[in-house]
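*Asks:* Predicted structure and sequence below. I'll ask about it afterward.
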Amino acid sequence: MNLLNEDNVVHVFLNKLGDIVIANLLFILCCIPVITIGPSLTALYHCMMRTVKGNNNGTTKTFFRAFKENFKQSLIIWLLILAAGTMLILNIRFLLHAEGSAAHMLFYLSVGVLTLLIIFTLYIFPVIATFANTLGALCRNAFLLAFMHFPTTIAIAVITIFPLYMTYLDAKLQPLYACCWFFFGFGLVAFINSMLLYRFFKKLLPPEEDISLLLNNPKTGGPPK
């Protein structure tokens with residue numbers, strides 16, 4: 001095996017690993033203000049989608065271009081998710097200790113709405129990262145894709161939530177988990193999710209079209225209506 005050949009397995013693996021590590025560090029850096037987590041997550045998914053496709057030429061440049069071009073939509077969505085999630089969690093904590101059938105009904109209703117919000121959150125940022133469209137259309141398409149490919153949605157939920165839950169649960173290993181998250185964790189989760197999502201995302205993209213070009217072409221920006 002010729003290690004200098006760009007098509008060999010080792011070279012491809014190292015390139016993808018490098019993309020994951022660099023995108024992960026950029027994601028953490030841009031998440032520091034907290035309110036920019038949405039744009040940062042969109043930029044991370046844009047980089048990972050390109051890595052999956054095999055045309056991620058310059059992770060840093062790709063990340064910041066996607067961060068800038070999707071900033072407004074991603075910021076609005078993130079702030080809405082943050083506000084809705086906070087209210088739902090506070091409501092659930094209050095109703096958990098409340099008595100009466102009405103309180104129990106509202107509790108289960110709140111849990112259901114929170115579940116839908118989590119599903120929406122898992123899809124909306126990859127959708128914004130891949131397709132160009134109005135914010136309303138992107139939100140609608142995120143829900144449609146999530147329920148049209150529900151087994152994939154379950155897999156993405158497990159891949160995303162389980163490592164975070166284990167990090168929270170195991171206090172003794174939290175330093176190790178923190179180190180993993182810092183260097184590659186978020187990027188690896190986004191990469192695996194992108195591999196799952198790209199299987200049906202690519203069917204909605206124009207043939208041989210580069211993902212990055214879609215950001216500037218709203219006419220091709222999403223699943224069919």
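*Replies:* Thanks, I have it.

*Asks:* Name the residues of the helix ranked longest in the chain that are buried.
*Replies:* Among the segments of the chain that qualify as a helix by DSSP state H, the longest is helix 101-130. Of all the residues in helix 101-130, those buried under the rule 16 or more other CB atoms under 10 Å are 106-107, 110, 114, 119-130. C-beta here means a position set from N, CA and C on the backbone, and glycine is covered the same way.

*Asks:* residues contacting Ile20?
*Replies:* Applying CB atoms under 8 Å, 6 or more residues apart in numbering, we find Ile20 in contact with Met48, Thr51, Phe184, Gly187, Leu188, Phe191.

*Asks:* hmm, try it at 7 Å
*Replies:* Residues in contact with Ile20 (CB atoms under 7 Å, 6 or more residues apart in numbering) are Phe184, Gly187, Leu188, Phe191.

*Asks:* And the buried residues of helix 101-130, which is closest to Leu169?
*Replies:* Checking the buried residues of helix 101-130 against Leu169 by CB to CB gives Leu114 as the nearest, at 19.5 Å.

*Asks:* and the residue nearest to the closest one when sequence neighbours are not counted, how many neighbours does it have?
*Replies:* Distances taken as CB to CB, 6 or more residues apart in numbering put Leu88 closest to Leu114, at 4.5 Å, once the chain neighbours are dropped. Leu88: 19 surrounding residues under other CB atoms under 10 Å.

*Asks:* Let's see if you can find the most crowded of the contacts of Ile20.
*Replies:* Gly187 leads the contacts of Ile20 on contacts (other CB under 10 Å) with 26 neighbours.

*Asks:* tell me the mean pLDDT for the stretch of helix or strand that residue belongs to?
*Replies:* Using DSSP states H and E, Gly187 sits in helix 186-201. Across helix 186-201, the average pLDDT comes to 96.

*Asks:* For that helix, output the C-alpha coordinates as PDB.
*Replies:* The C-alpha coordinates for helix 186-201 follow below in PDB (Å, rounded to 0.1, in the frame of the first residue of the first chain):
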ATOM      1  CA  PHE A 186     -18.800  17.100  19.200                       C
ATOM      2  CA  GLY A 187     -17.200  16.700  15.800                       C
ATOM      3  CA  LEU A 188     -17.400  12.900  15.900                       C
ATOM      4  CA  VAL A 189     -21.100  13.000  16.900                       C
ATOM      5  CA  ALA A 190     -21.800  15.500  14.000                       C
ATOM      6  CA  PHE A 191     -19.800  13.300  11.600                       C
ATOM      7  CA  ILE A 192     -21.700  10.100  12.400                       C
ATOM      8  CA  ASN A 193     -25.000  11.900  12.300                       C
ATOM      9  CA  SER A 194     -24.000  13.500   9.000                       C
ATOM     10  CA  MET A 195     -23.300  10.000   7.500                       C
ATOM     11  CA  LEU A 196     -26.800   9.000   8.500                       C
ATOM     12  CA  LEU A 197     -28.400  12.200   7.200                       C
ATOM     13  CA  TYR A 198     -26.500  12.400   4.000                       C
ATOM     14  CA  ARG A 199     -28.100   9.100   2.800                       C
ATOM     15  CA  PHE A 200     -31.400  10.800   2.100                       C
ATOM     16  CA  PHE A 201     -30.200  14.500   2.000                       C
END
